[in-house]
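[1] Return atomic coordinates for the entry below.
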Amino acid sequence: MIVRDKVDLPEYLELGTHARLVPVVADTSREQRITSAVMAGFMSVEEFGREMLKLVGAPATKTAKVTCFTEVVFKKVAEEQQKFRPDGLIIVRSGANVWTAIVEAKIGGAQLNQQQIEAYLDLARLHGVNAVITISNQFSSLPTHHPVAVSKQKLRYVSLYHWSWTSIVAQAIMLADHKGVSDPDQAYILNELIRYLQHDSSKVASFSRMGAGWKEVCAAVQQDVALSKNNQSVIDSVKDWHQLVRFISIKMSQRVGQNVPVVMSRAQENDPNRRLQDDLSLLINSNRLEAIFKIPHAAANIKLVADIKSRAVYVSMGLKAPSDKSRASALVTWALRQVAKCEDELLLIRAIWPGRTGDTGVLLGQLREDGKLIINDHPGLMPKAFEFMRVIDLAGNFRGASKFVEYVVPAVPNFYKEIGQYLKAWVPSAPKVEDEIRETLEEPATQEVKEQEAPLGELPVRNLPVLHTDNTLDPDSYQRPVIATSKGESVAPSVDSEAENS
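    Here you go, the predicted structure:
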């Protein structure tokens, strides 16, 4: 159990005050107030402290003891560090293991800066502190992916982590509303902390707009001007996209009550610059940005695409087609049953065919009237997968820094609520026991070896579909999607309607 450990100040601290839920500070000391309240929450609410501190490498076991200080002053400070004063210090004791971290927080529009962070990394190394944790309204894909680039030399001895205020709020809400807090008093404290963090006076902000360079990048693509990896507006736009995607991930986690991570390769997880370079290449070569979200136990991942050229946003999920059907029309019926509750007749359903056969796509309303529209001209050929895609045409709003975010943020949760949570991956039927067992063994029939096809998720990419103003589709504009299906049989989480207004 995580409890407060009433100990004296560490020997390397000159001054420090235990973090308080209700700190007595000046009205102008908003950063100090919110930092103290959150760190006091780590000490007071066992599950909350454990969940948050595990994210930054602390030994936050059930028997660990957590102590948090604010207004800390270190005894030994180098001359270049004297103008900086950390907002807090966290100490976690688990048996003989002691883990410590310096905390620096910013609120509102205040930005973290490289000089200050590197000064704290040097300060931490000087006193044997394990980590530096920053908190601000800036977003990062993982706690280990910091929004500010620092010298790698500084990270050889001290770890650097980052939390956004919104991620802290989301973690608290997931605990309070879904996972639960065992102690009633601690549950009350956590709910009051959430109430405070969600109030405007806390200055906890959502991601609300792309940067100044977004409009420039969109205009360049529309005018067929080649983008450059060295253009700062292009780099900033990709970084803003990463922050936007992380914000959507946090909101989705809050809505379904479980962690909804952004899917990344192992190389991208280990090196945030690798992800930046990969997405820069995608933007320059294909004029689009992409993200994939993994919802626990859902039938498939959700793919989000922002296509600058078509000025549209695409949200989709894909399912592998059943292999126990003998007619393509039966598979079309199966696909239609997946979206029986969907009221969006402009939802695009695409059939993915084997080999080099082109994909076919039809709007849901049209397919409900005539299921043959999606079947190609090759007799006996069966679709291998289906993709369910919502196309959101933003037109002139696409280049708007605020309007773009306003449309994209609800796109993923709305798609999952109305379509995704009802999709079910096909599972083969269990074998049946025969009434009689043959007395003699027969040689098994030789099976025809079929040509191995590319697995779902590794299909070649084509152009995204174009939805005309008369709600018809350009048949030559289809793209094979990246489709990933869940192999588990657990029930996918449903969207919490009450959380929509959180």
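[2] the strands in the protein, which residues?
    Applying DSSP state E to the chain gives strands spanning 3-4, 13-18, 65-74, 88-94, 97-105, 131-136, 159-164, 288-293, 302-307, 312-320, 348-352, 360-363, 385-393.
[3] For the longest one, which strands pair with it and how are they oriented?
    Pointing back at strand 65-74 there. strand 3-4 (parallel), strand 13-18 (antiparallel), strand 88-94 (antiparallel) (DSSP bridges).
[4] Switch those over to TSV; also include distance to Ile235.
    For every residue, glycine as well, the C-beta is placed using N, CA and C. Listed next are the strands paired with strand 65-74 as TSV, based on distance: least, Cβ to Cβ, whole Å:
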stretch	distance to Ile235
strand 3-4	44
strand 13-18	40
strand 88-94	32
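[5] Take the strands of the chain and write them to TSV, including mean pLDDT.
    Formatted as TSV, these follow (pLDDT from 0 to 100):
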stretch	mean pLDDT
strand 3-4	42
strand 13-18	89
strand 65-74	92
strand 88-94	94
strand 97-105	95
strand 131-136	96
strand 159-164	96
strand 288-293	97
strand 302-307	97
strand 312-320	97
strand 348-352	96
strand 360-363	94
strand 385-393	97
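[6] wait, which of these is closest to Ala172?
    Closest approach to Ala172 among the strands of the chain (Cβ to Cβ): strand 159-164, 11.7 Å.
[7] What separation do you get for the nearest residue to Ala395 once chain neighbours are set aside and Gly128?
    Leaving aside its sequence neighbours, Ala395 sits nearest to Arg311 (Cβ to Cβ, 6 or more residues apart in numbering; 5.7 Å). Counting by Cβ to Cβ, to the nearest Å, the gap from Arg311 to Gly128 is 54 Å.
[8] what about those two, which has more around it?
    Arg311 (19 against 12; other Cβ atoms under 10 Å).
[9] how much space is there between Ala492 and Met317?
    Relative to Met317, Ala492 is positioned 11 Å away (Cβ to Cβ).
[10] anything in contact with each of these two?
    Jointly contacting Ala492 and Met317 under the rule Cβ atoms under 8 Å, 6 or more residues apart in numbering are 298-299, 420.
[11] Please report the distance of Phe415 from Leu282.
    21 Å.
[12] go on, Asp224?
    To Leu282, Asp224 is 18 Å away according to Cβ to Cβ.
[13] Same drill for these two, tell me which one is more crowded.
    Leu282 (15 against 8).
[14] which residues touch the more buried one?
    288-290.
[15] What pLDDT is listed against it?
    For Leu282, the pLDDT comes out at 97.
[16] related to what we said a few turns ago, what's the closest of the strands of the chain to Ser237?
    strand 288-293 (8.1 Å).
[17] Break this protein into its domains for me.
    3-202, 214-426+453-495 (automatic domain parsing).
[18] quick one, which of these is nearest to Val433?
    Minimum separation from Val433 across the domains of the chain (Cβ to Cβ) falls at domain 214-426+453-495, 18.5 Å.
[19] ends of the closest one, how far apart?
    Domain 214-426+453-495 has an end-to-end distance of 31 Å (Cα to Cα, to the nearest Å).
[20] Hmm, Trp426 and Ala300 touching each other?
    No: Ala300 is not in contact with Trp426 according to Cβ atoms under 8 Å; the separation is 11.3 Å.
[21] joint contacts of those two?
    Leu319.
[22] With neighbour numbers in mind, choose between the two.
    For Ala300 versus Trp426, neighbours defined as other Cβ under 10 Å are more numerous around Ala300 (27 against 16).
[23] residue boundaries of the helices in the stretch 1-150 of the chain?
    With DSSP state H, counting those that start in this stretch applied, the stretch 1-150 of the chain shows helices at 30-44, 46-54, 114-127, listed in chain order.
[24] Return the most buried member of the ones you listed.
    Neighbour counts (mean count of other Cβ atoms under 10 Å) averaged over each of the helices of the stretch 1-150 of the chain peak at helix 30-44, with a mean of 23.
[25] From the contact counts, what lies against that helix?
    Helices and strands touching helix 30-44, by 3 or more Cβ pairs under 8 Å, 6 or more residues apart in numbering; DSSP states H and E, are strand 3-4, helix 46-54, strand 65-74, strand 88-94, strand 97-105, helix 165-174, helix 184-197.
[26] which residues touch the last one?
    Helix 184-197 has contacts (Cβ under 8 Å, 6+ apart) with 21, 34, 37-38, 41, 44-48, 165, 168-169, 172-173, 175-176, 180-181, 202, 204.
[27] for the fifth one, same thing?
    Contacts to strand 97-105, defined as Cβ under 8 Å, 6+ apart, come from residues 10, 31, 34-35, 39, 56-59, 86-93, 112, 116-117, 120, 123-124, 128-136, 161.
[28] Good, wrapping up.
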